[in-house]
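S.K.: Let me see the structure of the following:
(chains A and B)
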Amino acid sequence: MEDSGPEVRFEQVTKRFGGLAVDHVDCTVAAGSFVALVGGSGAGKSTLLRMVNRLVEPDEGRITIGGRDVGEGPAPLLRRRIGYVFQSIGLMPHMDVAENIALPARVAGGVAPDVADLLAMVELPADYAVRRPDALSGGERQRVGVARALATGAKLMLLDEPFGALDPVTRDAIGRRYRDLHDRLGLTSIMVTHDMAEALLLADRVLVMAKGRIVADATPAEMLSGKAGPEADALVAVPARQAQAIEALRG
Amino acid sequence: MTEIASLAAHHILLSAAALGLALLIALPLGLAAVRRPTLAGVVLGVAGAIQTIPGLALLALFYPLLLMVGHGVPALGFLPAWLALTLYALLPILRNVVAGIRGLDPAAIEAADGIGMTAMQRLRLVEAPLAAPVVMAGIRTATVWTIGAATLATTVGAASLGNLIFAGLQTEDWGQVLKGCLASAALALAADGLLALVERGLARRERWSLWLGAAGVAIGLLAACAPLAGGGQKTVVVGAKNFSEQYILARLIGDRLEKAGYTVSYREGLGSAVALRALRQGDIDVYVDYSGTIWADSMHRDKPAPRAETLAGIADFLKPAALVGPLGFENAYALAMKKGRGIGNLQALAASAPSLRLGTDLEFLSRPEWRAVQSAYGLHFAAQRAYSPTFMYRALESGQADVISAFSSDGRIAADDLAVLADPKHALPGYDAILLVSPAHAHDARFLAAVKPLVGAIPVAAMRQANYMVDRDSGKVPPDRAAQWLAAHLAKKPGSK
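M.R.: Residues are numbered from 1 along each chain as shown, chains lettered A, B, ... in the order given. Below you'll find the model as predicted:
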């Protein structure tokens, strides 16, 4: 339908915060793919993600988006080409929903987006446009956060624990909705999550990180069949066991 | 009422100017300090240290500082008051800028960065609007402090509601003190209320309260400007030192200038050395000083000279400012006794002194006047004791002292019916009240015509009576009323000089 999102390539990317947070990572995220980064706390997954839009600057190595080094030019210009969704959302409390959604275009000096259309994409009623963020539920707020990230037509989405603070039902609904949008708009999405079940259900490919390195790289199917190595198996075991237990309860 | 309105206008403009400058300094400095912890530490530390200096001392410090700058920069009046109050207003604004921006939700900042805002965009679109209520609270605090501290500006010669307070304090006119206090408190409350509306408008995003508050502030400032714009004529400034006689004479001179068509303002409560310097710099246009003070303190002459020589010497010393002439009375150190003791002069006193007790004010016994009179007449008293002025007169009245040191124009001399002892050997220096004008008016015929009739026109008895009207414990009147009385009791025929 439209041309797909760009390829993202990591080459020997390294970041130190005292110790090594990200340790010489080499990896390529294919154009138009949905990649989940999973791992425990402190594994380096958020740091790796935030180096893509230079909220964190790497100490070594380089990252390219569609072949272009992210280090070229000023960081604000780079960030305007990338959608960014994160757990604490960061809607501006002094602006209504429409102003929040239009903010990236306003900052970039671009044309104002179709707010009603974006609200429809994230399944919010059009009359939400005039509401203030503090009048919305957590799930509704993150839907606005997603609409804001999509508003400039960016094809690369960075999602940092985007649904981590939401209740399970809301989380599942928004997750699936986002996956639909990813497909429909032809995005490249990189999502950090500590929830293996979410990663398995939404992503095309799962990268497991531990101690700053990628220790497993496989499709969900490969993950489930135990071909992705011991770290991946340990993470997969939990949701698999839960699924079996629930199945058993059903009798 | 018109005087209080004019003082309030000066008070408002001085406070607003200080707050304006403080904002110009504190906003960028605060923003720079937000992400630089070392700078924040230094800036807040310095501003905090300034805050610990008493307001009066801070104002007083700017006088010598500006004198050192020199080059025609006025060391008195608006400038030192403005600068001192500005420094005073910095801390609350700085502190709240830093706290307001540091306290912002980190998620909003991360989103601003993630969206691709530049630092300026983030400041304009996110940090400024979100921190505005906290910053505004700091501005409110600064405003209330500044309006309160502006009453102290009177002491460096800037007009403010403090004029009422300090003049009232000197003349023990408590009604006037209260008037000054209430007026400045009302101003502070009004300003705080209006800024509270602005703050509320910013915090709750209520446009009407934002605009109402801002409009109120604007109207207040415009109203304060009105008295200054009116007339369009240059104001002449009458100076006064810090005691009753000076307040009365300033009003007497000011009334004459007003009748001659001048717009008059007053700088009252000036220190002795400050007043002469202010005149020579043109910060004040006219005031009354005393020949002995200038001779000894400014010209550093250690021996008294004959009157004519003293006055000629002073006139020469003052150039390009001018000595218009002596007013006709002295405010000199003298020795006084109850009448009817049969002693008329210091020579006669010397014979009886060994059986008499001397009461003095706190500094007389250490002054050159005492040494001069003691050696000239060989005075040796049975006892001598220093009192504060009020108790000195009581001691004489009750018989604890037989002779006291007094100022020759003091109203209590007339009131207590005392005899001032003559000084046939001229051991005590002359303290002729002399009318001085600034360089700008030294050859200004119209100005001189307005003030010259006072030369030689104030007999010491009239001055004593006027002083007593202000100084007495009961039934006292404000200095301007005493000045009106004095104007009606000037000597009909001007004196010889």
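S.K.: Surely B:Val236 and B:Ala450 touch.
M.R.: No. At 9.4 Å, B:Val236 does not count as touching B:Ala450 under the criterion of Cβ atoms under 8 Å. For every residue, glycine as well, the C-beta is placed using N, CA and C.
S.K.: what about residue 168, how many residues close to it?
M.R.: Just so you know, I chose chain A. 9 (other Cβ atoms under 10 Å in any protein chain shown).
S.K.: my bad, chain B
M.R.: Residues near B:Gly168, counting by other Cβ under 10 Å: 20.
S.K.: Repeat that for A:Ala234.
M.R.: 13.
S.K.: ok, now how distant is it from B:Arg341?
M.R.: 115 Å (Cβ to Cβ, to the nearest Å).
S.K.: ok, back up a step: who touches both of B:Val236 and B:Ala450?
M.R.: B:257, B:262 (Cβ atoms under 8 Å, 6 or more residues apart in numbering or on different chains).
S.K.: So if I had to pick from those two, which one is more boxed in?
M.R.: Neighbours per residue, other Cβ under 10 Å: of B:Val236 and B:Ala450, the larger number sits with B:Val236, 24 against 21.
S.K.: Name the nearest residue to the residue in the stretch 51-200 of chain A that chain B sits nearest to, ignoring sequence neighbours.
M.R.: Using Cβ to the nearest Cβ, A:Gly90 is the residue of the stretch 51-200 of chain A that sits closest to chain B, at 2.8 Å. Counting by Cβ to Cβ, 6 or more residues apart in numbering or on different chains, A:Gly90 lies nearest to B:Ala111, which is 2.8 Å off, once chain neighbours are set aside.
S.K.: Same question for A:Ser33.
M.R.: A:Ser33 sits nearest to A:Asp204 (Cβ to Cβ, 6+ apart), 5.0 Å away.
S.K.: mind listing what that neighbour touches?
M.R.: A:33-35, A:219-220.
S.K.: how about the residues you listed in CSV, adding pLDDT and neighbour count?
M.R.: Formatted as CSV, the contacts of A:Asp204 follow (pLDDT from 0 to 100; neighbours: other Cβ atoms under 10 Å in any protein chain shown):
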residue, pLDDT, neighbour count
A:Ser33, 95, 19
A:Phe34, 96, 23
A:Val35, 96, 21
A:Thr219, 93, 15
A:Pro220, 92, 19
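S.K.: now, among those residues, which is nearest to B:Ala89?
M.R.: Closest approach between the contacts of A:Asp204 and B:Ala89, by Cβ to Cβ: A:Val35, at 55.3 Å.
S.K.: Which SSE is immediately downstream of whatever helix or strand that closest one lives in?
M.R.: For A:Val35, the host element (DSSP states H and E) is strand A:34-38. Next along the chain after strand A:34-38, taking DSSP H and E as the criterion, comes helix A:45-52.
S.K.: what's the angle between that following helix and strand A:34-38?
M.R.: Counting by axes from the mean of the first three to the mean of the last three Cα atoms, to 10 degrees, helix A:45-52 lies at 140 degrees to strand A:34-38.
S.K.: State the mean pLDDT of helix A:45-52.
M.R.: Here helix A:45-52 scores 94 as its mean pLDDT.
S.K.: Which strands and helices lie in contact with that helix?
M.R.: strand A:8-17, strand A:19-29, strand A:34-38, strand A:60-65, strand A:156-160, strand A:188-192 (3 or more Cβ pairs under 8 Å, 6 or more residues apart in numbering or on different chains; DSSP states H and E).
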